[in-house]
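1. structure, please.
(one chain, ligands or ions: 1)
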Amino acid sequence: MLSARNIVKSYGDVNVLKGVDIDVYSGEIVSIRGASGAGKTTLLQIMGTLERPDSGSLMYGDHKVHQLRDKGLSNFRNTHIGFVFQFHHLLPEFTALENVCMPGFIAGKPDSEVRKRAGELLKILNIHHRIDHKPNAMSGGEQQRVAVARALINQPDIVFADEPTGNLDSVHAEEMHELFLRLRNEFNQSFVIVTHNHELAELADRKLEMIDGKIIR
Ligand SMILES: Nc1ncnc2c1ncn2[C@@H]1O[C@H](COP(=O)(O)OP(=O)(O)OP(=O)(O)O)[C@@H](O)[C@H]1O
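-> Below is the predicted model:
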């Protein structure tokens, strides 16, 4: 599904990624652990096409994503990739439903189709009773589930999650773990998750560790 080869990235004279190879297969959860500054977020952002590598290749199936120009890249990102961050980044002035719909509208999908799928996702994620609530009227765990629904609206190939439970208490973090597993089991959804959370890292199908700009296992 995703194949990255020899990814190199520097910021100024800091060599953050020193030739990373990584593959992600359909329907698997991959976790990435490592010390602060090892380059995890940078790698996630490059795999998610939010950043460009200095060199190396990034393929999604047959798509040579590293060759796309800015417009093509943002179109690709919007339709193939989902993101969940530590802080949910929901838009405060919009309801849960509207937040979930947003990437679908941006992708130019028909309104009714997007709203229908958003409603279904909110049901699956057990948050349907909050459909008309704005983010500040929901708990942290609820907001993060809305953020997961938003990440899934365009049926992405892969969801990239950067410390998705970093801002949650242990009960809500546990709920989030179960949710990732359920989405993998029922919908064959692939996830790449950067996390310091031991339990979350352990439930992955493949557990990778980064040290100093390289994946060591
Ligand atoms: N936009 C940027 N400009 C300059 N330096 C950056 C930038 N982004 C990251 N870095 C540097 O790259 C290195 C790796 O950062 P990165 O965020 O990828 O690490 P990380 O493993 O995710 O760390 P953490 O666990 O603390 O989030 C750090 O030294 C960081 O300061």
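
2. partners of Ile193 in the sheet?
-> Note on Ile193: beta-bridge partners by DSSP bridges are Ser31, Ala161.

3. from the ligand, how far out is it?
-> To the ligand, Ile193 is 12 Å away according to Cβ to the nearest ligand atom, to the nearest Å. C-beta coordinates here come from the backbone N, C-alpha and C atoms, glycine included.

4. Glu199 is in contact with that residue, correct?
-> No: if you go by Cβ atoms under 8 Å, Ile193 and Glu199 don't touch, sitting 11.6 Å apart.

5. which of the two has more neighbours?
-> Between Ile193 and Glu199, counting by other Cβ atoms under 10 Å, Ile193 is the more crowded of the two (25 against 12).

6. near the ligand, which residues of the chain show up?
-> Among all residues of the chain, those adjacent to the ligand (criterion: Cβ under 6 Å from any ligand atom) are Tyr11, Val14, Val16, Gly34, Ser36, Gly37, Ala38, Gly39, Lys40, Thr41, Thr42.

7. could you redo the last one with a cut-off of 8 Å?
-> With Cβ under 8 Å from any ligand atom as the criterion, the chain comes near the ligand at residues 11-12, 14, 16, 34-45, 162-163, 194, 196, 210, 213.

8. mind checking which of these land in strands?
-> Tyr11, Val14, Val16, Gly34, Asp162, Val194, Met210 (DSSP state E).

9. neighbours of the last one, how many?
-> Yep, that's Met210 we're talking about. Neighbours around Met210, by other Cβ under 10 Å: 22.

10. quickly list what it is bridged to.
-> Going by DSSP bridges, Met210 forms beta bridges with Gly34, Ile215.

11. these two touch, right, it and Lys40?
-> Yes: with contacts counted by Cβ under 8 Å, Met210 reaches Lys40, the gap being 5.5 Å.

12. common neighbours of the two, please.
-> Common neighbours of Met210 and Lys40 (criterion: Cβ atoms under 8 Å, 6 or more residues apart in numbering): Ile32, Arg33, Gly34.

13. noted, bye for now.
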